[in-house]
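**Student:** Sequence and predicted structure are below.
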Amino acid sequence: MGDSKIYIIQHVPYEGPGFIAEWLKREKRSYEEVLLYDQEPFPSMSEIDGLIIMGGPMGVYDEEAIPWMLTEKKFIQDCIESEIPVLGICLGAQLIADVLGSDVYRHKYQEIGWFEVQQRSQGTFVSDLDEYIVFHWHGDTYDLPKKAVHLFESKACSQQGFQYKDHVVALQFHLEIGRSEIGSMEKQIKSSLKKGPYIQNWDDILGIDDHHELENKKLLFNILENLFN
């Protein structure tokens with residue numbers, strides 16, 4: 001595709017690509033971040049080799065309050081219909097579910113912290129484990145889109161990830177985040193920590209074991225390899 005790149009849509013300054021950028025640099029892939037919070041424009045379709053949609057505190061239903069929300073949804077839909085590889089994380093997953101025709105709404109529980117997800121079905125990527133301890137930071141959920149494969153679930157929330165055809169993966173949780181990234185988001189995370197059955201305290205969030213981070217990074221890299229190589 002010539003000078004095309006993988007574009008990373010970033011909704012807020014503190015939810016960046018994390019380990020995704022590490023993989024892109026390792027693979028010598030050309031990429032660019034699109035900072036919607038700085039009103040940066042979306043690229044043209046001819047420039048896109050892949051799309052990664054990050055998280056954020058807003059909801060897919062906040063169209064009136066957020067000027068770029070409708071434009072972003074149309075952009076994601078165009079990428080999916082053009083069979084461009086797409087990965088959505090947290091809000092990114094919810095946006096994908098929305099453009100595929102599913103409802104997105106407030107969930108009964110908030111999940112904030114390190115909790116288990118179980119793999120329901122195999123995607124086209126390699127997954128070494130049936131269960132992962134991953135970082136969650138969400139209060140919304142979605143209905144599984146039609147024709148999508150249900151990949152992951154947790155005790156608190158049944159919809160934790162899906163794959164649509166061979167070129168779209170949506171994850172409600174954050175494989176791209178480790179202890180360092182969490183430390184840089186201390187202010188934002190702490191402000192979200194209220195009492196709840198699936199909300200950890202700050203010390204437990206910061207105290208995740210290194211081997212869980214390594215397992216998550218391996219799964220993330222396998223997903224990226226499958227989608228973008």
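**Tutor:** Cool, the structure landed.
**Student:** tell me the secondary structure for D3?
**Tutor:** Reducing the assignment at D3 to three states with DSSP: H, G, I helix; E, B strand; the rest coil gives coil.
**Student:** Could you double-check that it lies in contact with I48?
**Tutor:** No - between D3 and I48 there is no contact under Cβ atoms under 8 Å: 11.0 Å. In this view, the C-beta of every residue, glycine as well, is placed from N, C-alpha and C.
**Student:** which one of those two has more residues nearby?
**Tutor:** Higher neighbour count among D3 and I48: I48, with 21 against 8, using other Cβ atoms under 10 Å.
**Student:** average pLDDT across the lengthiest strand in the chain?
**Tutor:** Secondary structure of the chain read by DSSP state E shows that its longest strand is strand 104-119. In this model, strand 104-119 has an average pLDDT of 96.
**Student:** Report all helices and strands that it contacts.
**Tutor:** Helices and strands touching strand 104-119, by 3 or more Cβ pairs under 8 Å, 6 or more residues apart in numbering; DSSP states H and E, are helix 91-99, strand 131-142, strand 148-153, helix 202-206.
**Student:** wait, which of the ones you listed is closest to V12?
**Tutor:** V12 sits nearest to helix 91-99 of all the helices and strands packed on strand 104-119, at 9.3 Å, using Cβ to Cβ.
**Student:** For that closest one, C-alpha coordinates in PDB please.
**Tutor:** The C-alpha trace of helix 91-99 is given here as PDB (Å, rounded to 0.1, in the frame of the first residue of the first chain):
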ATOM      1  CA  LEU A  91     -14.000   2.200  24.200                       C
ATOM      2  CA  GLY A  92     -12.600   1.100  20.800                       C
ATOM      3  CA  ALA A  93     -14.300  -2.300  21.300                       C
ATOM      4  CA  GLN A  94     -17.600  -0.600  22.100                       C
ATOM      5  CA  LEU A  95     -17.400   1.600  19.100                       C
ATOM      6  CA  ILE A  96     -16.900  -1.400  16.900                       C
ATOM      7  CA  ALA A  97     -19.900  -3.100  18.500                       C
ATOM      8  CA  ASP A  98     -21.900   0.000  17.900                       C
ATOM      9  CA  VAL A  99     -21.000   0.300  14.200                       C
END
